[in-house]
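A.B. asks: Here is a sequence with its predicted model. Questions after.
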Amino acid sequence: MASFGIPDDVVMHVTESVVLESPNEHLIQDQPGFVLDFEAFKKFLVEHGCHKSAEYRFDARVRDPIVEDGDLVGVRYNSDQEVFGEIIIDATGPAAPLAKDLGIANLERENHAIGIECLFEGVDLNHPDFADLTDAMMLRLDHKYAPGGYSWIFHTGDDTAKVGICYIQNERYQENAIHGRTVDGYLEHWLDNDPRFENARQIAESPVRGSAHIQPPGSMSTDSFMAIGDTVLSVDPVWGEGIYKCMKSARAAAMTADRCLTRAKDTSAEEMEVYDDLWKEQVAPRQDRRLMIAKLLYLAPNERYDRLMRDLNKLSRDTLSAINDGSKREIAKLLYPCDLSYFWKYWRGT
Ligand SMILES: Cc1cc2nc3c(=O)[nH]c(=O)nc-3n(C[C@H](O)[C@H](O)[C@H](O)COP(=O)(O)OP(=O)(O)OC[C@H]3O[C@@H](n4cnc5c(N)ncnc54)[C@H](O)[C@@H]3O)c2cc1C
């Protein structure tokens, strides 16, 4: 928050702990967090950009890149409007119209994850059958509610909370899914069956929806072009932390643009590749391991999640941290012979 100068007035609630839930167990960790008012946050970004001389064009749907004599020089938007620039950056999330056109993005359907989130009041945050979620961000692994993914409750003050689910949509991850049930249907199912929502009412007008691809990024730049944020899968594949990661990717792109334009101007693919290096080093180091953790985690059955929580509860904070960072040694200690079947399933699908 401080490193990006995010003001307090876009923060809905400061949380103090993270709770991981499985169907019958849970783990509580002290870990500060910030739940943002996403609309207010986006307005702040625009206002802040305007103060820094950025120019915004609203209702402008980018169609395709403008290429002249083999060089990328601008973009076409809406029907026939054009805008030109020395460097073009695609920041359209998974839509990626420019990155796809330039052959940078290769977002695969089978790696597609979808999510939905709504704001509720009347949530019982301290229900006797569950961990206390006051001032907490809770992430739940439970195929009953989010097959092939996870669901969450983020406390936003008083009895209000953001409640959401997301999951990988392909067949291998949907073995536990109910045929024909949509992401909205799953959220409804959780709301109807979890006693914490017995008196909950939706307070925001419309839910937040979105998607991401859980796959390794390919190239992220080419001549006079970079792709940032979820256009190049910056979101953390395990826990869906996207905002911080995407802003870090934007900062890496800004550093690259600065470098390419302030010395002898050179926006060749070779120079733009500095961005790819910064991304791998600073935005999402060890992304391949985190992708593997995510894919294996969401293949395991509910009973395995309970066992995992029991095991995690016995570990020190440092060990948990190493596991989250993808330490092979610490992860290996959590495995059992029965896990070979998920590895097999995972390898078959990669
Ligand atoms: C339900 C849900 C809950 C989430 N919760 C969290 C959370 O709690 N914490 C967290 O850190 N992350 C969370 N994330 C992830 C986070 O929202 C994303 O990782 C992040 O917003 C990606 O930022 P982005 O700028 O790359 O893309 P986006 O936020 O997707 O923004 C892309 C923008 O480009 C616009 N666009 C698309 N196509 C075009 C076009 N052709 N022309 C012009 N504009 C276009 C879109 O309208 C959009 O405004 C959540 C995601 C979802 C779906």
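C.D. replies: Received it, and whenever you're ready, just let me know what you need. The model shown is predicted, which means the values in this text are computed figures rather than measured ones.

A.B. asks: need the contact list for Lys328.
C.D. replies: Lys328 is in contact with Arg289, counting by C-beta atoms under 8 Å, 6 or more residues apart in numbering. For the C-beta atoms, the positions are set from N, CA and C on the backbone; glycine is no exception.

A.B. asks: In terms of pLDDT, where does Tyr150 sit?
C.D. replies: In the predicted model, Tyr150 carries a pLDDT score of 95.

A.B. asks: so it sits in a strand?
C.D. replies: Yes: secondary structure of Tyr150, determined by DSSP: H, G, I helix; E, B strand; the rest coil: located in a strand.

A.B. asks: From what I see, it and Arg140 are in contact.
C.D. replies: Yes: using C-beta atoms under 8 Å as the test, Tyr150 is close enough to Arg140 to be in contact (6.0 Å).

A.B. asks: Comparing the two, which shows the higher neighbour count?
C.D. replies: Taking Tyr150 and Arg140 together and counting by other C-beta atoms under 10 Å, Tyr150 has the greater number of neighbours (26 against 22).

A.B. asks: so what's that one bridging to?
C.D. replies: Beta-bridge pairing of Tyr150 under DSSP bridges involves Cys166.

A.B. asks: measure it to Ala204 for me?
C.D. replies: Distance, Tyr150 to Ala204, by C-beta to C-beta, to the nearest Å: 21 Å.

A.B. asks: for Arg196, same thing?
C.D. replies: Distance of Arg196 to Ala204, computed by C-beta to C-beta: 18 Å.

A.B. asks: Name the nearest residue to Leu27, ignoring sequence neighbours.
C.D. replies: Computed as C-beta to C-beta, 6 or more residues apart in numbering, the closest residue to Leu27 that is not its neighbour in sequence is Leu20, at 4.5 Å.

A.B. asks: for Gly74, same thing?
C.D. replies: Sequence neighbours aside, Phe84 is the residue nearest to Gly74 in space, at 3.7 Å (criterion: C-beta to C-beta, 6+ apart).

A.B. asks: picking up where we left off before, more neighbours: Arg196 and Ala204, which one.
C.D. replies: For Arg196 against Ala204, the residue with the higher neighbour count under other C-beta under 10 Å is Arg196, and the figures read 22 against 16.

A.B. asks: Surely that one and Ala131 touch.
C.D. replies: No: the pair Arg196 and Ala131 fails to qualify as a contact (C-beta under 8 Å) at a distance of 10.7 Å.

A.B. asks: starting at the chain centroid, how far to the biggest helix by length in the chain?
C.D. replies: Looking only at the chain and at elements set by DSSP state H, the helix with the highest residue count is helix 243-262. Helix 243-262 has its average C-alpha position 19 Å from the chain's average C-alpha position, going by C-alpha atoms, centre = their mean, to the nearest Å.

A.B. asks: Counting by contacts, list what that helix packs against.
C.D. replies: If contacts are counted by 3 or more C-beta pairs under 8 Å, 6 or more residues apart in numbering; DSSP states H and E, helix 243-262 sits against strand 225-227, helix 269-278.

A.B. asks: For the ligand, find the nearest of those.
C.D. replies: strand 225-227 (9.2 Å; C-beta to the nearest ligand atom).

A.B. asks: I'm done for today, thanks for sticking with me.
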